[in-house]
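Trainee: here is my input; please provide its structure:
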Amino acid sequence: MSNVVVIDHPLVQHKLTLMRRRDTPTSRFRQLLREISLLLAYEVTRDLPVRMTPISTPLEDMESPVLEGKKLVLISILRAGNGLLEGILDLVPSARVGHVGLYRDPETMEAIEYYFKVPEDLSSRQVIVVDPMLATANSAIAAVQRIKAAGAVNLKFVCLLAAPEGIAAFTKAHPDVLVYTAAVDRCLNEHSYILPGLGDAGDRIYGTT
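Mentor: Sure, this is the predicted structure:
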């Protein structure tokens, strides 16, 4: 667990509880995810580099901090990752955005890629990969491997929920990538869903089954 940061802020935990409830409607679930992603992003971006720059306030001149370096890159693992992506963009609207499309083979549980589009020059940017659920981690492992192949060297992974099995697999495959999550749940069931979890994040975001 040394590569995992659990964000246990009371507001995060409260909103997560509301999201877990089976009777939370789609619109409310989507709103809560957007709110919680802002709180997660606040912690994930805590170590962004800054530099001092001269400004003038209404009363005097001063040196004040601004973000330094090239803009962040946010990469969503489709489709559920877009739910986290939108909230983080509220906090960092200037970030570049990429997408990785993967689906899970129902027999092998392996990740199959169907789409990949990311900004150029990943090697000089901090890259934050987002997907609400880290279950088997097959999709996350494959996505991060693909993103590394495109040049990324400074990566973080953000999810809403993680299973111990997924954390073990992901950190073994990518020991250099920190995982940020709101909670580590008990285990996976026989269908590779997180328990107690909150169901299928994509279905709950978009109202599908």
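Trainee: from here on, contacts and neighbour counts on C-alpha atoms
Mentor: Will do.
Trainee: relative to residue 105, how far out is residue 12?
Mentor: Counting by Cα to Cα, to the nearest Å, the separation of residue 12 from residue 105 is 32 Å.
Trainee: neighbour-wise, which of those two wins?
Mentor: residue 12 (21 against 10; other Cα atoms under 10 Å).
Trainee: and that one, what is it in contact with?
Mentor: Taking Cα atoms under 8 Å, 6 or more residues apart in numbering, we find residue 12 in contact with 36, 39, 40, 182.
Trainee: rounded mean pLDDT for the helix of greatest length in the chain, please.
Mentor: For the chain, the longest helix by residue count, based on DSSP state H, is helix 26-44. The average pLDDT for helix 26-44 rounds to 94.
Trainee: check which helix or strand residue 19 maps to.
Mentor: Per DSSP states H and E: residue 19 is located in helix 10-20.
Trainee: mind listing what's buried in that helix?
Mentor: Buried residues in helix 10-20, counted by 16 or more other Cα atoms under 10 Å: 12, 15, 16, 19.
Trainee: just stretch 22-39 next, same as before
Mentor: Buried-residue list, stretch 22-39, by 16+ other Cα under 10 Å: 26, 29, 30, 31, 32, 33, 34, 35, 36, 37, 38, 39.
Trainee: name the nearest of the residues you listed relative to residue 147.
Mentor: residue 37 (21.5 Å; Cα to Cα).
Trainee: so what touches stretch 169-185?
Mentor: Taking Cα under 8 Å, 6+ apart as the rule, stretch 169-185 contacts 3-8, 12-13, 16, 40, 44, 136-138, 140-141, 154-164, 194-197.
Trainee: same question, stretch 32-41
Mentor: Stretch 32-41 has contacts (Cα under 8 Å, 6+ apart) with 7, 12, 15-16, 18-19, 83-88, 90-91, 158, 180-182.
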